[in-house]
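Q: dropping the sequence and predicted coords here.
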Amino acid sequence: EAEVAQSPRYKITEKSQAVAFWCDPISGHATLYWYRQILGQGPELLVQFQDESVVDDSQLPKDRFSAERLKGVDSTLKIQPAELGDSAMYLCASRGDRSSNYEQYFGPGTRLTVT
Amino acid sequence: GENVEQHPSTLSVQEGDSAVIKCTYSDSASNYFPWYKQELGKRPQLIIDIRSNVGEKKDQRIAVTLNKTAKHFSLHITETQPEDSAVYFCAASISSGDKLTFGTGTRLAVRP
């Protein structure tokens, strides 16, 4: 069964450093989401892509976060500079089409710890 | 924007008993309501979903009910088993392709 891939699975970085996460969605999924999940809370959307275009980045802290999906396939989320409050799980999800009931499939996440 | 509240935050039941988790949403335009199960250290996985044109949906031991007038929906798990222990999240969106707004999660513990 196809799955969303993410790397790295774990990342420890010092504050003020740059960090990047990678996501490879399920093949053929045009919609890709990045969510942030703080411990003990539900995931919150950071950015949504349709192919290579940003559909919603209203909750993305654009002064330090950036996201791209240049060829409309895999995607990178970057934080520069990282702050202590950025410690969280970063989840990528991709969405199927009508044939898969539009379900959002989540990747395993990248757990970021900022020290 | 949409706001989803979820209760209770923790729930402990005896194996074989039923568990009920409730969510309310604020945006009357929302019409897609999925439930996700997240085991410790693993990715959220969809377990059941419901759309606004349906009041109830069942899949084996899991059922979801929706009351659009009151803007609340609930997850019902019957005959609970230890492997049901996990964190459960409800979510809402305006369409099944739209971004999901998640509740804060319910940690379910099933005691053997």
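A: Perfect, thanks for sending it.

Q: any idea of the mean pLDDT for stretch A:7-19?
A: Mean per-residue pLDDT for stretch A:7-19: 97.

Q: for chain B, what is the nearest residue in chain A?
A: Nearest to chain B in chain A, going by Cβ to the nearest Cβ, is residue A:42, at a distance of 3.1 Å. Backbone N, C-alpha and C define where each C-beta goes, glycine included.

Q: how close does the residue lying closest to that residue once chain neighbours are set aside get to residue B:68?
A: Closest residue to residue A:42 apart from its sequence neighbours, by Cβ to Cβ, 6 or more residues apart in numbering or on different chains: residue B:102 at 3.1 Å. Using Cβ to Cβ, to the nearest Å, residue B:102 is found at 19 Å from residue B:68.

Q: these two: which is more packed in?
A: residue B:102 (24 against 15; other Cβ atoms under 10 Å in any protein chain shown).

Q: contact partners for the closest residue to residue A:12 other than its chain neighbours?
A: Nearest residue to residue A:12, sequence neighbours excluded (Cβ to Cβ, 6+ apart): residue A:113, at 4.7 Å. Going by Cβ atoms under 8 Å, 6 or more residues apart in numbering or on different chains, residue A:113 touches A:10-13, A:87.

Q: and residue A:113, what helix or strand is that in?
A: If you go by DSSP states H and E, residue A:113 is part of strand A:110-114.

Q: sheet partners, orientation included, of that strand?
A: Its sheet considered, strand A:110-114 pairs with strand A:10-13 (parallel), strand A:88-95 (antiparallel) by DSSP bridges.

Q: got the contact list for whatever residue of chain B ends up closest to chain A?
A: For chain B, the residue closest to chain A is residue B:102, as judged by Cβ to the nearest Cβ, at 3.1 Å. Residue B:102 makes contacts with A:42-44, B:4, B:36, B:89-91, as judged by Cβ under 8 Å, 6+ apart.

Q: just to revisit the earlier point, got a pLDDT number for the residue nearest to residue A:12?
A: The model reports residue A:113 with a pLDDT of 97.

Q: name the SS class of the spatially most central residue of chain A, please.
A: For chain A, the residue lying nearest the average C-alpha position, counting by Cα atoms, centre = their mean, turns out to be residue A:34 (3.0 Å). Put simply, residue A:34 is strand when judged by DSSP: H, G, I helix; E, B strand; the rest coil.

Q: beta partners for it?
A: residue A:47, residue A:92.

Q: tell me the contacts of it?
A: Counting by Cβ under 8 Å, 6+ apart, the residues that residue A:34 touches are A:23, A:45-48, A:67, A:75, A:77, A:90-92.

Q: repeat the analysis, applying 10 Å as the threshold.
A: Taking Cβ atoms under 10 Å, 6 or more residues apart in numbering or on different chains as the criterion, residue A:34 is in contact with A:21, A:23, A:43, A:45-49, A:57, A:59-60, A:65, A:67, A:69, A:75-77, A:90-93, A:107.
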